[in-house]
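Chemist: curious how this folds, go ahead:
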Amino acid sequence: MSVEMLEKVASDQPRPRVSVVLPTYKRAEALQHTLPLLLAQTERDIEIIVMDDCSPDHTANVVKSFADSRLRYVRNASNLKIPGNVNQGIRYSRGTYVMICHDHDVYAPTLLMELANHLDQHATALFVQSGRYGVRLDGSENGVRWVMDYAAVTSGAKWLETMLRRFASPVTGLCMVRRSAFETYGLFDPEFGWSSDVELWMRLCFVGDVGYVPKPLIGIRERAENERFWGVNWELVDEIFRIHKTVRPRAQHAAIPFDSAQDFQKRIDRDLLINFLTMLVRHDATKLLEAETIIQRHGSASLVRVFDIVRHVPYRGLQTGARLLNRVRKKWITYREAL
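Modeler: All right, here's what the predicted structure looks like:
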């Protein structure tokens, strides 16, 4: 695996404490709400780099309407997508710490200061995340919170073991990272597209520890139904499986425990089946071809044989079966909770 290393900042350049990299595409309206939250941070020694990935809207005008010397607007010459746009923003950064922020989420005023202080206090931690809470499209809280009982610092080996035993990452892309980590261990790997952050966290776990601030400092906004991450995204499913298959041999060499190859394949099959049924329940008929490709690429021989039979069933029949299974699943969960 070969990834690009970040160049060091020249010694004669001024260096803010925190660089915020804010990749954006076609979300001018969202930026009107996000930028004030970042500019109002209690940590004042910051730079905010808005990376516009060739938006066709008025993103530039929105950014330029904020008269603040800490704010920098960069429009790419071509559409770099993710993680290319994020990597480009990191190249422009000069801060001791680099914080990746999304253009539509909500940020507590103390977010940057608390995460930077945490890295100051824990020298072995290469990156740090905070607790989160859910936000509806209208900006109101939806009552969901993810504030875990993780230690202030967890060894990278222990954290990696946890990540390898599940496909849902316990870390989001909203982390603060030491710039020195990007300089020494590399930027986000374009090979893994939208899931490149998951691979980066795993990569850093081999060489450092993971910090955590148990406060809900970031509000994660729900996805609109017309966004690419609403529903089942087979591209992401494929990326996550490829990341795990890439990292497992290195983890084995480092004597980091994880499940057997047989159990790993069972997890893959189970995840593929759940995603396929979810796709049917949500009427995503347009994704059948994608599903077939990913199931054939990652599924066991048994699952592929079953799918070869299932794909000849009329779509309406598949939907009916999926809805029935979903009702049975919900009744089973209710029954187990009542025991």
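
Chemist: leaving out the residues flanking it, which one is nearest to Cys54?
Modeler: Using Cβ to Cβ, 6 or more residues apart in numbering and skipping the chain neighbours, the partner closest in space to Cys54 is Asn79 (4.6 Å). Yep, even glycine has a C-beta here, placed from its N, CA and C like the rest.

Chemist: mind pulling up the pLDDT for that neighbour?
Modeler: At Asn79, the pLDDT value in this model is 96.

Chemist: who's in contact with it?
Modeler: Asn79 sits next to 25, 53-54 when contact means Cβ atoms under 8 Å, 6 or more residues apart in numbering.

Chemist: same check on Val232?
Modeler: Residues in contact with Val232 (Cβ under 8 Å, 6+ apart) are 275-276, 278-279, 282, 284, 287, 291.

Chemist: three-state assignment of it?
Modeler: Three-state call for Val232 (DSSP: H, G, I helix; E, B strand; the rest coil): coil.

Chemist: quick check: phi and psi on the closest residue to Pro109 other than its chain neighbours?
Modeler: Nearest non-adjacent residue to Pro109, counting by Cβ to Cβ, 6+ apart: Thr42, 5.4 Å away. When read as degrees, to the nearest 10, the backbone of Thr42 gives phi -70, psi -30.

Chemist: and the gap between Thr42 and Arg17?
Modeler: Computed as Cβ to Cβ, to the nearest Å, the Thr42 to Arg17 distance reads 12 Å.

Chemist: quick check, Leu31 in contact with Val63.
Modeler: Yes. Using Cβ atoms under 8 Å, Leu31 is in contact with Val63, at 6.6 Å.

Chemist: now for those two: what residues contact both?
Modeler: Common neighbours of Leu31 and Val63 (Cβ under 8 Å, 6+ apart) are Val50.

Chemist: contact partners for the nearest residue to Arg17 once chain neighbours are set aside?
Modeler: Among residues not flanking Arg17 along the chain, Asp45 sits closest, at 4.1 Å (Cβ to Cβ, 6+ apart). Contacts for Asp45 (Cβ under 8 Å, 6+ apart) come out as 16-18.

Chemist: over to Val171?
Modeler: Contacts of Val171 by Cβ under 8 Å, 6+ apart are 129, 163, 197-198, 201, 210.

Chemist: please apply the same query to Gly134.
Modeler: The contact partners of Gly134, taken as Cβ under 8 Å, 6+ apart, are 141-145, 219-220, 222.

Chemist: how much space between it and Arg221?
Modeler: The span separating Gly134 from Arg221 equals 8 Å under the rule Cβ to Cβ.

Chemist: output the lowest mean pLDDT helix or strand found in the protein.
Modeler: helix 315-338 (a mean of 58; mean pLDDT, DSSP states H and E).

Chemist: what about Asp12, how many neighbours?
Modeler: The local packing of Asp12 (other Cβ atoms under 10 Å) involves 5 other residues.

Chemist: tell me which helix or strand the residue nearest to Ser93 when sequence neighbours are not counted sits in.
Modeler: Nearest in space to Ser93, with sequence neighbours left out and distances taken as Cβ to Cβ, 6+ apart, is Ser19 at 3.5 Å. Using DSSP states H and E, Ser19 sits in strand 18-24.
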